[in-house]
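Peer 1: Here is a sequence with its predicted model. Questions after.
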Amino acid sequence: MADALVRLSGAARLVHRAAPLHLLGYLANTVFGAVLPVLLAWLLKYLLDELAGPGPYQDLVWLAVALGAVGLVGALSPHLGEYLSTELDRRVSLSAQNELFTAVERFTGLSRFEEPTFHDRLRLAQRTTTSPIRIVDAVCGVGRGVLTVAGFLGSLAVISLPFTAIMLLAAVPMLVVELRLARRRAALQWRLGPTERWEQFYSDLLSNTYAAKEVRLFGLAGFLRGRMNAEQQTANRALRQLDKREFWLRAVLSALSALLSAGGLIWAITAAGRGQVTVGDVSMFVASIAGVQLALNGLVGAISNTSYELVMFGHYMTVLRAEPDLPPPARPRVLPPLEHGIELRNVWFRYSDGHPWVLRGVNLFIPSGGSMALVGHNGAGKSTLVKLLCRFYDPTRGAILWDGIDLREVPVDELRERMSAVFQDFMNYDFSASDNIAVGDLAAADDQERLETAAKWAGVHETLTDLPAGYGTLLTRMFLSESEKHETGTGVMLSGGQWQRLALARAFLRADRDLMILDEPSAGLDAEAEHDVHTRLRQLRTGATSLLISHRLGAVRDADLIAVLSDGVVAELGRHADLLDANGLYARLFTLQASGYQLQGET
Ligand SMILES: Nc1ncnc2c1ncn2[C@@H]1O[C@H](COP(=O)(O)OP(=O)(O)OP(=O)(O)O)[C@@H](O)[C@H]1O
């Protein structure tokens with residue numbers, strides 16, 4: 001109950017923040033809607049009693065005018081209610097969505113995004129951005145229902161007190177059943193979360209351009225469609241079961257309530273026949289029974305809707321109130337420009353308690369102003385180490401120190417401001433070419449000269465100027481630009497290597513940062529481009545700190561220091577020549593690659 005009240009006040013405050021005036025208008029209209037049927041019933045009773053009386057009929061005209069006026073306003077009220085409700089809906093969902101994603105931004109690491117239950121909750125939270133207004137709607141429905149029920153019950157009580165009590169008692173089982181059903185439905189939505197996300201996953205694979213090649217070549221469409229349908233059928237089965245249960249329970253309750261009304265009607269008619277009640281009383285009785293039943297149904301429905309929406313809104317509030325995934329420093333320290341270097345001190349890391357150790361006591365010093373290369377087998381933990389440097393996760397044990405300051409002691413934004421990176425799995429945004437570079441530093445979004453310089457350094461400037469709309473060309477075939485609304489579109493897809501150069505340009509836009517991380521920056525580049533990029537990098541980064549990961553050992557041989565990661569530790573460390581002399585893993589990998597090139601050259 002306390003939880004429900006917290007959610008209720010959360011939803012009400014959200015609606016009030018988003019649209020206070022519309023809310024006020026909506027509430028006023030709701031109150032009017034609630035008293036309207038009772039008002040009409042009373043006016044009708046007076047009119048009939050007046051007509052059935054001996055006369056003179058001096059109030060007849062006023063009663064007719066009053067009936068007409070109330071009827072007219074009553075006719076307008078639903079339209080006004082609908083308009084206000086839709087507008088409230090729009091404003092509240094915008095505000096709720098904004099608050100939800102502002103909260104998601106607080107998760108500055110990656111671990112939350114790797115928790116399936118977080119995705120289930122986030123999906124429900126996204127769907128419930130319209131919940132606050134539905135809650136207000138349902139609460140208004142409860143208020144309206146209470147007013148109308150009270151009005152009609154009062155009227156009914158004037159005619160028959162026992163019958164009023166019976167009508168009221170009959171509503172109790174209905175309320176209990178509806179509340180249970182509402183809770184079941186909300187619980188089912190939560191249980192179906194994974195099923196619905198799988199279904200969405202398969203339908204995305206069937207429709208997005210990234211998967212289209214493999215789906216077609218491997219003939220996966222039927223297989224994916226089958227799995228998508230199976231997920232939907234699973235959800236349908238569970239929903240159908242609940243629907244059937246709802247149907248039977250409601251049918252039984254409605255039948256009982258109809259029998260009750262019929263009994264009341266028979267009593268009223270026989271009482272009128274015996275002259276115990278007037279014709280106006282019979283009219284009032286009929287109106288009251290119909291009104292009470294309708295209003296009680298509405299009231300019970302509104303209570304159960306409120307209960308359902310409150311449970312669903314709980315997911316939204318849970319996301320909003322979740323603790324940050326990376327604890328913010330209690331007393332944040334200022335991160336100075338890197339002077340000495342970054343030290344990984346006995347760093348142990350695993351992705352969760354259930355995952356195996358990836359790093360098992362890494363000790364490494366990345367000196368400021370130097371270039372370090374990190375090599376090792378697939379899965380050795382190189383990218384993991386990079387993610388720890390960016391503080392996407394905290395080390396499970398040990399620490400990473402920036403000029404002696406633990407990364408956990410500085411605000412994460414400050415740390416990332418001092419870095420630039422090209423990740424192994426870099427993003428291709430469905431933006432224009434300019435925007436694809438500008439995301440590296442949004443402050444440069446309107447600085448064409450800076451964007452072009454970065455593109456030139458990455459060797460992609462000519463490619464971009466040759467595009468149909470130059471740097472303004474949309475790099476997607478999924479969307480049209482504003483100017484292309486009536487054309488087939490000139491959006492372009494770049495080649496793998498061209499995308500990679502664009503990712504490099506994005507990183508070069510931040511070339512002035514203290515640390516540049518390049519995780520496989522040239523995997524998709526041709527030999528000449530790779531050579532160009534590395535030469536450019538050396539020029540650009542002279543005197544600056546960089547960490548390069550590459551399986552192409554020819555690209556790392558010029559690094560000031562090369563670290564070899566193996567079995568979760570730094571197994572070898574030194575310059576290229578030293579490592580060759582040491583005749584360890586690096587020497588073996590380098591010789592293997594070099595002999596491969598030689599063989600290729602000989603054939
Ligand atoms: N988000 C994650 N959750 C769980 N395990 C992960 C995650 N990311 C990577 N791993 C595991 O951590 C280990 C190290 O992966 P990592 O990507 O750091 O290797 P790598 O050295 O960069 O490999 P490669 O050379 O293939 O890029 C692998 O066994 C991988 O399965």
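Peer 2: That came through, no problem.
Peer 1: Which residues of the stretch 401-550 of the chain lie near the ligand?
Peer 2: residue 424 (CB under 6 Å from any ligand atom). All C-beta atoms are positioned from the backbone trio N, CA, C, and that covers glycine.
Peer 1: and the residue of the stretch 401-550 of the chain found nearest the ligand, backbone torsions?
Peer 2: Of all residues in the stretch 401-550 of the chain, residue 424 sits closest to the ligand, at 5.7 Å by CB to the nearest ligand atom. The phi and psi values for residue 424, taken as degrees, to the nearest 10, are phi -60, psi -40.
Peer 1: what's the answer for residue 351, then?
Peer 2: With angles defined as degrees, to the nearest 10, residue 351 sits at phi -70, psi -30.
Peer 1: these two touch, right, it and residue 358?
Peer 2: Yes: assessed by CB atoms under 8 Å, residue 351 is found in contact with residue 358 at 7.1 Å.
Peer 1: and those two? which has more neighbours close in?
Peer 2: The neighbour comparison of residue 351 against residue 358 (other CB atoms under 10 Å) goes to residue 358, with 21 against 16.
Peer 1: what's the nearest residue to the more buried one if we skip its chain neighbours?
Peer 2: Leaving out its chain neighbours, the residue that sits closest to residue 358 by CB to CB, 6 or more residues apart in numbering is residue 381, at 4.4 Å.
Peer 1: Now for the closest residue to the ligand within the stretch 1-150 of the chain: which residues touch it?
Peer 2: Here the residue of the stretch 1-150 of the chain nearest the ligand is residue 114; by CB to the nearest ligand atom that distance is 5.4 Å. Neighbour list for residue 114: residue 351 [criterion: CB atoms under 8 Å, 6 or more residues apart in numbering].
Peer 1: what does this protein have sitting close to the ligand?
Peer 2: With CB under 6 Å from any ligand atom as the criterion, the chain meets the ligand at residues 114, 351, 355, 358, 376, 378-384, 424.
Peer 1: Please enumerate the strands of the stretch 301-450 of the chain.
Peer 2: According to DSSP state E, counting those that start in this stretch, the stretch 301-450 of the chain carries its strands in the segments 341-349, 359-367, 371-375, 397-402, 405-406, 419-422.
Peer 1: Deepest-packed of those strands, please.
Peer 2: Of all the strands of the stretch 301-450 of the chain, strand 371-375 carries the top mean neighbour count, a mean of 24, counting by mean count of other CB atoms under 10 Å.
Peer 1: so what strands line up beside that one?
Peer 2: Using DSSP bridges, the strands paired with strand 371-375 in its sheet are strand 545-549 (parallel), strand 561-566 (parallel).
Peer 1: show me the contacts for the residue of the stretch 201-350 of the chain found nearest the ligand.
Peer 2: In the stretch 201-350 of the chain, no residue comes nearer to the ligand than residue 350, which is 8.2 Å away by CB to the nearest ligand atom. Residue 350 makes contact with 356, 357, 358, 396, according to CB under 8 Å, 6+ apart.
Peer 1: The residue lying closest to residue 155 once chain neighbours are set aside: how many residues sit nearby?
Peer 2: Using CB to CB, 6+ apart and skipping the chain neighbours, the partner closest in space to residue 155 is residue 288 (4.8 Å). Residues lying near residue 288 (other CB under 10 Å) number 31.
Peer 1: how about the helices in the stretch 51-200 of the chain?
Peer 2: In the stretch 51-200 of the chain, helices defined by DSSP state H, counting those that start in this stretch lie at 60-105, 116-127, 131-159, 161-191, 193-207, listed in chain order.
Peer 1: Give me the buried positions along stretch 30-38.
Peer 2: Going by neighbour count (16 or more other CB atoms under 10 Å), the buried part of stretch 30-38 is 30, 32, 33, 34, 36, 37, 38.
Peer 1: for it, the distance to its chain's centre please.
Peer 2: For stretch 30-38, the separation from the chain centroid amounts to 38 Å (computed by CA atoms, centre = their mean, to the nearest Å).
Peer 1: Same question for stretch 163-177.
Peer 2: On the basis of CA atoms, centre = their mean, stretch 163-177 sits 41 Å off its chain's mean C-alpha point.
Peer 1: Please enumerate the helices of the stretch 251-400 of the chain.
Peer 2: According to DSSP H, counting those that start in this stretch, the helices that the stretch 251-400 of the chain contains are 279-321, 382-389.
Peer 1: Can you tell me which helices and strands the last one packs against?
Peer 2: Read it as helix 382-389. Helix 382-389 sits against strand 341-349, strand 359-367, strand 371-375, strand 515-519, strand 545-549, with contacts defined as 3 or more CB pairs under 8 Å, 6 or more residues apart in numbering; DSSP states H and E.
Peer 1: Need the CA coordinates for the third one. PDB is fine.
Peer 2: Going back to what we said before, that points to strand 371-375. Backbone C-alpha positions of strand 371-375 (Å, rounded to 0.1, in the frame of the first residue of the first chain) are rendered in PDB as follows:
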ATOM      1  CA  SER A 371      53.300   5.200 -27.600                       C
ATOM      2  CA  MET A 372      52.500   1.800 -26.100                       C
ATOM      3  CA  ALA A 373      51.300  -1.200 -28.100                       C
ATOM      4  CA  LEU A 374      49.300  -4.100 -26.600                       C
ATOM      5  CA  VAL A 375      49.300  -7.400 -28.300                       C
END
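Peer 1: Scan the contacts of residue 350 and report the most crowded one.
Peer 2: Greatest neighbour count in these, by other CB under 10 Å, goes to residue 358: 21 neighbours.
Peer 1: what's the spacing between that residue and residue 553?
Peer 2: Counting by CB to CB, to the nearest Å, the gap from residue 358 to residue 553 is 22 Å.
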